[in-house]
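Q: 3D model of this:
(chains A, B, C and D)
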Number of protein chains: 4
Amino acid sequence: MMFWKFLFCVRCLHVVSLAVINGSPETCPADISSGCGDDWEGEFFSGIPKIKYEGPSSKNPLAFKWYNAQEEILGKKMKDWMRFSVAFWHTFRGTGGDPFGAPTKMWPWEDGTNSVAMAKRRMRANFEFIDKLGVDLWCFHDRDIAPDGKTLEESNANLDEVVALAKELQGGKIHPLWGTAQLFMHPRYMHGAATSSELGVYAYGAAQVKKAMEVTHYLGGENYVFWGGREGYQTLLNTDMERELNHMARFFEAAVAYKKKIGFKGTLLIEPKPQEPTKHQYDWDAATAANFLRKYGLEGEFKLNIECNHATLSGHSCYHELETARINGLLGNIDANTGDPQIGWDTDQFLTDIAEATMVMLSVVRNGGIAPGGFNFDAKLRRESTDVEDLFIAHISGMDTLARGLRNVAKLIEDGSLAELVSKRYQSFDTELGALVEAGKADFELLEKKAMEWGEPKVPSAKQELAEMIFQSAL
Amino acid sequence: MMFWKFLFCVRCLHVVSLAVINGSPETCPADISSGCGDDWEGEFFSGIPKIKYEGPSSKNPLAFKWYNAQEEILGKKMKDWMRFSVAFWHTFRGTGGDPFGAPTKMWPWEDGTNSVAMAKRRMRANFEFIDKLGVDLWCFHDRDIAPDGKTLEESNANLDEVVALAKELQGGKIHPLWGTAQLFMHPRYMHGAATSSELGVYAYGAAQVKKAMEVTHYLGGENYVFWGGREGYQTLLNTDMERELNHMARFFEAAVAYKKKIGFKGTLLIEPKPQEPTKHQYDWDAATAANFLRKYGLEGEFKLNIECNHATLSGHSCYHELETARINGLLGNIDANTGDPQIGWDTDQFLTDIAEATMVMLSVVRNGGIAPGGFNFDAKLRRESTDVEDLFIAHISGMDTLARGLRNVAKLIEDGSLAELVSKRYQSFDTELGALVEAGKADFELLEKKAMEWGEPKVPSAKQELAEMIFQSAL
Amino acid sequence: MMFWKFLFCVRCLHVVSLAVINGSPETCPADISSGCGDDWEGEFFSGIPKIKYEGPSSKNPLAFKWYNAQEEILGKKMKDWMRFSVAFWHTFRGTGGDPFGAPTKMWPWEDGTNSVAMAKRRMRANFEFIDKLGVDLWCFHDRDIAPDGKTLEESNANLDEVVALAKELQGGKIHPLWGTAQLFMHPRYMHGAATSSELGVYAYGAAQVKKAMEVTHYLGGENYVFWGGREGYQTLLNTDMERELNHMARFFEAAVAYKKKIGFKGTLLIEPKPQEPTKHQYDWDAATAANFLRKYGLEGEFKLNIECNHATLSGHSCYHELETARINGLLGNIDANTGDPQIGWDTDQFLTDIAEATMVMLSVVRNGGIAPGGFNFDAKLRRESTDVEDLFIAHISGMDTLARGLRNVAKLIEDGSLAELVSKRYQSFDTELGALVEAGKADFELLEKKAMEWGEPKVPSAKQELAEMIFQSAL
Amino acid sequence: MMFWKFLFCVRCLHVVSLAVINGSPETCPADISSGCGDDWEGEFFSGIPKIKYEGPSSKNPLAFKWYNAQEEILGKKMKDWMRFSVAFWHTFRGTGGDPFGAPTKMWPWEDGTNSVAMAKRRMRANFEFIDKLGVDLWCFHDRDIAPDGKTLEESNANLDEVVALAKELQGGKIHPLWGTAQLFMHPRYMHGAATSSELGVYAYGAAQVKKAMEVTHYLGGENYVFWGGREGYQTLLNTDMERELNHMARFFEAAVAYKKKIGFKGTLLIEPKPQEPTKHQYDWDAATAANFLRKYGLEGEFKLNIECNHATLSGHSCYHELETARINGLLGNIDANTGDPQIGWDTDQFLTDIAEATMVMLSVVRNGGIAPGGFNFDAKLRRESTDVEDLFIAHISGMDTLARGLRNVAKLIEDGSLAELVSKRYQSFDTELGALVEAGKADFELLEKKAMEWGEPKVPSAKQELAEMIFQSAL
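A: Next comes the predicted model:
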């Protein structure tokens, strides 16, 4: 039931009201006109200081209690383990709208338009936010940083103008963790982009990815992401799945070729998600995406961007998806968020669960870090959180939780008993026959002979409760 | 990620584009201006005939194959069993927007505004649709038939103007199955209405319900529905659930009192839904709603509006929820739709499953019909279905499926073997001791005495596979 | 696929093998015969010391790190807040069998029989376990402490013999948190007990409850529990749900009458569970059970036993179910366990999640404790955990986790900021009009008048992210 | 809570009671002893005739209403499309036990033992069942047709003895659709077989598969199946997933080598299932299994056995899994059953949903049939269905449902409008540029050029409601 509409003041293009007003809104109401204007100067977050580390005993919501960027843990600075990134779309384009409700967030710097001028002001807010939060990476979709134009050419021109400003504001110290093209919001993509039933849409999507890849490269982005929001189906009754998957492969091949052509060295990443908005997305989970890559010979060209909330929607724990990506050599990046275990859609909440964060960091540490990937906060404020400071509180809370996870991993590693428990479980394979098996040299006849020789095997306890006790003690 | 915005032409208030255009949209583009205007005359659905019954062999998508309104089945006309109603919001205000996508539907009669003039034109389309479909009931939310004003007074005036037209167009032959107030879309309701943490919102919601009840009464509505879209919570960490539930009870008591005061004889209905948009809705399912009503002494004043998709989201079959409502004396109305068994959110699809429809009709027939309730099509076109004729195809398909369900129930009843199987299962209670048990006169001592006398009881097969065979043979 | 069978040695009735052996197992294999005999003397858990509190820095798996029984927290000893109880069935009758696998656990004191002698030896093991763990409560089903006889009379005699020993072993210091009758395992209960379609089964169930209530009373049990394992249905196609629910009410009424007759003062508890083994259990969740109690006028006679794993299977958080029970005046007892958020059946794991434990304890503290109820460990070792010490590790881990939860609640209360955040949200109701609303004296006309007077209400942020930050900081 | 035990009469080894009896069961109770004996002669299913086709109007539960084996549909006999197979384990070893309940089924030919003699009698019952049902294929696990011995050698000898009888009873007209080794029931497999942490178990599993493959080959089996019931994990905390997956690959490689060595030409099949009994099974779904096969270079050696209930547990429709297998060239066999959409575990019900059966048959027809695979009824009677005739009713119902599905597919194909709707959707790719895209020859620069040339693409309706209407009309 999406029938909400904005109405803009016809004089100054300010939003008159979130509730649509019919009749003649010829005049701007006073309480709106004061807040807008292209000439916003100075701070956007005037009440918010630079966020500092104050330690676990601090009660200050605007301070880090566990994340201490320069502190060294397990041989690396925390900031280098984490590589935190701000997601432009949730932070600056999140409106609080949901399928049953209108936008609730009208940040004070917004003037109600989607103009290039507004886009540039918003970009300045973004860099102030990044600076105050103390990170140096950001992520974006093409269409959330610059408005659609009437034509593709005009859209590209808008993008160029905003990107030029972003480049300047990056100041050589900040750069994108990744960029991407938004191929799901516009009605033209309703049947997908690379898997649309319409050739014209396929071509349009290709053009959009081409441009997004160029600007990501220009801004010094370290990765480029594909989230196929509508690459999937609503019903197989009207779908030729095989043909659509073939198209998707052709599209990715072309992306690889273009990347090489322009000399972009960043990693290409696929972001699995099982469903929503479609009934079924083709990049369902890590294993499905890996199968796709292998089937089409693309496994050397892509890695995966694992999102915790997507993992749980597909029936897996986040840790499972991270480990699956890792052992397939595909762990490229993490979208740091969480879902609600009782909710069947993507809630994109900030991760505040310490146990989960510790599992996530276990995978990262085991992988030796995930650079050039990092942690992108693909998380949004709740619809009902409408204060500017909530943006900071949410990010600080998410960063602290993961930092705490890293500290817990360090404790687990120092303690050593969990790793020992695991390696002991498999010690029977650290033998001569075990080595033969692992080398693929133990055939069924040899194995049968051994089984008969040995009689009934002894099978020790799996010690799951002990493993859980050790794990929880480290939290 | 909801950052889509419309932009309206400043001259004529037509939508310039679904994609926001920045810059200076001072002039209306030609391809838009031609389609709008308050002066739309003649038919809205010009290519669509009045839908007729053509029987099961027809291949015509714009004909009924099973629904034959005047045909008598089980002692009643099909139309009187079904009491089909068109939902104004899905049919006329559904935009195709979803959490990841912009609207896809721009029906030709829409001019891109939310003006009263547009609301009136849309109302004319509604009655043409109702007429061509051959039904005589409709349902509405206050805010989908008339636009919000700048003040409550103005909103009420808008509503009065549109309702006056609706009354006229009803022409004494058509009337609302039910009306309701939309208390979830506007940002003011972000914490709920009757359960909002803000007293001002509680009062505003009360005022809105008061008005919606008045206009439902004025239009001859047979029921009034409460769907508490945001009556619930996102997290218990910030919620006083007990206080909120008490407020909800006070709100319902006031609604009952006002209903009596204005002489409205329609049934008040609560529509259970477990979650979405909230993590938890207070009217989770039929049993939860029944418990609430009993706790606060409201069980004589309300019935339930059961929605199949809500039933399955709460972990129950639709049939279970219907039967639970029925045996609690609370079956008031049915929102006829269906979900997807693998999807964890409300998809509001048209019901096309014959087995499900047969179960639904079993409950209805067992209840002796559900008048003054009926079947409201709380179902929407898929986002990707964008032809005007799709609106008809979807309704015809849904009506035919339920009609087929009714025909199957008639077959089951005529055959009699399923009912016989069930009554036979309980025949041991059709005895003297069984009667004592059922009258509450068999105490534990008597029962123990009998158990010792009888020894090990014989327990016959439940014959589930036979029951399923009989059921499926009737489809 | 359950086709596993035991085979017993025909001479001494010891289990020859977990794998069924065909042919002639006339002789007991040496490695079994040594372990059995009615004459087991001395310690059962000879390697296990009495479990002591050693504090958070201890690495000893057989010590408490957070649970310090005599320590006072929030004005009560930890043991009085927690009231921990050992569940006899999981601890002493859990076999590790699952729908795809045979038993894996053959504790050394087991002789492979289900004799009364074995039952008594097992009971001695139980009290040694309770003593070493340092608790003073236990829970049981009638049939897990004493074997079925050929007749009800014989079963009762078996039960009496074992219960007499238990009474002696309790030694005046230990007693049951609760007892119950097992009405789901025997084939006679395949269609339910109180809701069986067979009157003979209804009577048999009544006789069994009568006896179980008597022995619970005799042992000084503080509560009596009903878990209606098969009170529900597999399909509504063969079920008369209304008649079955009426029978269930009659059964509960008779239980209340009998309780009063024998002077048992313990609380009667219903344990909600949504499904498994049935498709639908009648005590689906707290609200469903509450509705049932109210419908049949039983709400003053019963409370609820909330199990965390059952809560999540019904689509709720455990905390939600606890709070729902609490505000309905029905919070009686807690089955302390947890499920797996990605698993759709009852895993009955020991709770080791700190955040969850803190939420659980928040409800308990808010309720002022739950005595005469307590925390029963309705949790089982994983099938693959086969060491005797695993029984201790699991319980210690579960007790420590809840103890840590209590300590966290104390921190939250001391800090005060979470409670303040919540009460502030509702402060608009702490006004004159708010009081009128809460007293049921604000009608729709008054509310409309106020809404018009006030204009658009101000709606503050819900501060969910801040609430989460405060909560997590206390962990 | 699995603490049920059988007790056998010490004289004749008959089951004395389903309820364990303690004391001295020295004498066989009369009501048991009469039913057993190795000398069972004549018919097992004496009241059941050979099942015949009587057409849709028949009310006879022991007749086919839609399955007419010799009737030709779409160019093939129905029996050749369906290739129905009886699953030995569910039909002859299903006990009705579940995690909360003891066995309920004691078929009259069972003597309570697991002896070789009993196994042979059961095998005779199997072939009578197959004959009366009118099929010519069956499936088995090694351990359900013959009992475990004390040693592997003895188990193999038992198997040989029973298999020799089966070969004789097959009579040249009947043969296995597939065989398999049961590697999940015995406690030794509690950590898995190929992925067990114990080398001895790995070897034992290999020996068991070796033998099972030999007997499948000997009996003329057309396929050999791997269902890795415990190849997965309960928690990643104690698991080295990478090492386990490597072991699984080595195991499969050895199986392939051995198959070739003995000249077995049947297809090797992997059966995906997401979880249960483990938290996570390594063959989660079709795509996961495909990824595994490709990663280890095994994709030419295996196909998949898709089970509908496993499909839905993994979050997919059955049709999705079938289509995924098909377009990966891996559709080998179908386990014909269904789950309950509201239940989170494997219910293995007989498929009686017509719409689902039609989707399943759509995949089969599109694949040109699935021989040498077929439809194995991996479905079991409900625990409460305890009549011998229920075995027939269930199979007839399942066969009729799929037969009805095939008839519906024929109607859909004859009508042609659904196929036309789909092919029309993609017609823009049936162009010169479309061909370039599909050939991988359209690079991003060409596509961008076209996108700019064409401007905003036209995107037609997906016509989902029309597709659903056409589909449902064919049912």
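
Q: Quick check: chain neighbours aside, which residue is closest to the closest residue to chain B within the stretch 251-400 of chain A?
A: With C-beta to the nearest C-beta as the measure, the residue in the stretch 251-400 of chain A that lies nearest chain B is A:G344; the distance is 1.4 Å. C-betas here are computed from N, CA, C, even on glycine. If you skip the residues right next to it in sequence, A:G344 has B:G344 as its closest partner in space, 1.4 Å away by C-beta to C-beta, 6 or more residues apart in numbering or on different chains.

Q: how about that neighbour, what does it touch?
A: Contact analysis of B:G344 by C-beta atoms under 8 Å, 6 or more residues apart in numbering or on different chains lists A:313, A:343-345, B:313.

Q: ditto for A:N333
A: A:177-178, A:223, A:225, A:267, A:269, A:303-306, A:370, A:373-374, A:376.

Q: If you rank these by neighbours, which is first?
A: A:I306 (34 neighbours; other C-beta atoms under 10 Å in any protein chain shown).

Q: Pretty sure it sits in a helix.
A: No - secondary structure of A:I306, determined by DSSP: H, G, I helix; E, B strand; the rest coil: strand, with no helix assignment.

Q: still on that earlier bit, dump the contacts of B:G344 into a markdown table; add pLDDT and secondary structure as well.
A: Listed next are the contacts of B:G344 as a markdown table, based on pLDDT from 0 to 100; DSSP: H, G, I helix; E, B strand; the rest coil:
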| residue | pLDDT | secondary structure |
| --- | --- | --- |
| A:L313 | 98 | helix |
| A:I343 | 97 | coil |
| A:G344 | 97 | strand |
| A:W345 | 97 | coil |
| B:L313 | 98 | helix |
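
Q: Just the buried residues of those residues.
A: A:313, A:343-345, B:313 (16 or more other C-beta atoms under 10 Å in any protein chain shown).

Q: Find the centremost residue of chain A, please.
A: By C-alpha atoms, centre = their mean, chain A has its centre lying nearest to A:D335, at 3.0 Å.

Q: For that residue, give me its contacts.
A: Residues touching A:D335, when contacts are defined by C-beta under 8 Å, 6+ apart, comprise A:271, A:305-310, A:376, A:378.

Q: JSON lines for the residues you listed, including pLDDT and distance to A:K65?
A: Written out in JSON lines, the entries for these read as follows (pLDDT from 0 to 100; distance: C-beta to C-beta, whole Å):
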{"residue": "A:E271", "pLDDT": "98", "distance to A:K65": "30"}
{"residue": "A:N305", "pLDDT": "98", "distance to A:K65": "28"}
{"residue": "A:I306", "pLDDT": "98", "distance to A:K65": "26"}
{"residue": "A:E307", "pLDDT": "98", "distance to A:K65": "25"}
{"residue": "A:C308", "pLDDT": "97", "distance to A:K65": "21"}
{"residue": "A:N309", "pLDDT": "97", "distance to A:K65": "24"}
{"residue": "A:H310", "pLDDT": "98", "distance to A:K65": "28"}
{"residue": "A:N376", "pLDDT": "97", "distance to A:K65": "22"}
{"residue": "A:D378", "pLDDT": "95", "distance to A:K65": "23"}
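
Q: which SSE is A:V225 in?
A: When elements are defined using DSSP states H and E, A:V225 is found to belong to strand A:223-226.

Q: and what of A:E153?
A: Secondary structure here is read from DSSP H and E; on that basis A:E153 sits in helix A:152-170.

Q: and what of A:V209?
A: helix A:199-218.

Q: anything in that helix near chain B?
A: No - legend: contact between helix A:199-218 and chain B by C-beta under 8 Å from any C-beta of the partner chain is lacking; minimum distance shown is 12.0 Å.

Q: which other helices and strands contact that helix?
A: Here helix A:199-218 touches helix A:142-145, helix A:152-170, strand A:175-180, strand A:223-226, helix A:241-262, helix D:432-438, helix D:444-454, going by 3 or more C-beta pairs under 8 Å, 6 or more residues apart in numbering or on different chains; DSSP states H and E.

Q: quick check: angle from that helix to helix A:241-262?
A: Here helix A:199-218 runs at an angle of 30 degrees relative to helix A:241-262 (axes from the mean of the first three to the mean of the last three C-alpha atoms, to 10 degrees).

Q: follow-up on the earlier one: got the CA coordinates for the helix holding A:E153 in PDB?
A: Coordinates of the C-alpha atoms in helix A:152-170 are reproduced here as PDB (Å, rounded to 0.1, in the frame of the first residue of the first chain):
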ATOM      1  CA  LEU A 152      21.500   8.500 -19.400                       C
ATOM      2  CA  GLU A 153      23.800  11.200 -20.700                       C
ATOM      3  CA  GLU A 154      22.300  13.600 -18.200                       C
ATOM      4  CA  SER A 155      22.500  11.100 -15.400                       C
ATOM      5  CA  ASN A 156      26.200  10.600 -16.200                       C
ATOM      6  CA  ALA A 157      26.800  14.300 -16.200                       C
ATOM      7  CA  ASN A 158      25.100  14.600 -12.800                       C
ATOM      8  CA  LEU A 159      27.300  11.900 -11.500                       C
ATOM      9  CA  ASP A 160      30.400  13.400 -12.800                       C
ATOM     10  CA  GLU A 161      29.700  16.700 -11.200                       C
ATOM     11  CA  VAL A 162      29.100  15.100  -7.800                       C
ATOM     12  CA  VAL A 163      32.000  12.700  -8.100                       C
ATOM     13  CA  ALA A 164      34.300  15.600  -8.800                       C
ATOM     14  CA  LEU A 165      33.300  17.200  -5.500                       C
ATOM     15  CA  ALA A 166      33.700  13.800  -3.700                       C
ATOM     16  CA  LYS A 167      37.200  13.500  -5.100                       C
ATOM     17  CA  GLU A 168      38.100  16.900  -3.800                       C
ATOM     18  CA  LEU A 169      36.500  16.200  -0.400                       C
ATOM     19  CA  GLN A 170      38.300  12.900  -0.100                       C
END
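
Q: list the buried ones in that helix?
A: By neighbour count with 16+ other C-beta under 10 Å, helix A:152-170 contains the buried residues A:152, A:155-156, A:158-159, A:162-163, A:165-166, A:169-170.

Q: next one: phi and psi at the closest residue to A:K273 other than its chain neighbours?
A: Take A:K273 and drop its neighbours on the chain: the residue closest to it by C-beta to C-beta, 6+ apart is A:H310, 4.2 Å away. Backbone torsions for A:H310, taken as degrees, to the nearest 10, come to phi -70, psi -40.

Q: Now do the contacts for A:H310.
A: Applying C-beta under 8 Å, 6+ apart, one finds that A:H310 lies in contact with A:271-274, A:285, A:321, A:335, A:346.

Q: What of A:V225?
A: By C-beta under 8 Å, 6+ apart, the contact set of A:V225 is A:139, A:178-180, A:269-271, A:305, A:333.

Q: Identify the residues contacting A:N305.
A: By C-beta under 8 Å, 6+ apart, the neighbours of A:N305 are A:178, A:223, A:225, A:227, A:269-271, A:332-335, A:373, A:376.

Q: Just put these in JSON lines and tack on distance to D:K120.
A: As requested, the contacts of A:N305 are arranged in JSON lines below (distance: C-beta to C-beta, whole Å):
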{"residue": "A:W178", "distance to D:K120": "66"}
{"residue": "A:N223", "distance to D:K120": "65"}
{"residue": "A:V225", "distance to D:K120": "62"}
{"residue": "A:W227", "distance to D:K120": "60"}
{"residue": "A:L269", "distance to D:K120": "60"}
{"residue": "A:I270", "distance to D:K120": "55"}
{"residue": "A:E271", "distance to D:K120": "57"}
{"residue": "A:G332", "distance to D:K120": "58"}
{"residue": "A:N333", "distance to D:K120": "60"}
{"residue": "A:I334", "distance to D:K120": "58"}
{"residue": "A:D335", "distance to D:K120": "59"}
{"residue": "A:G373", "distance to D:K120": "62"}
{"residue": "A:N376", "distance to D:K120": "64"}
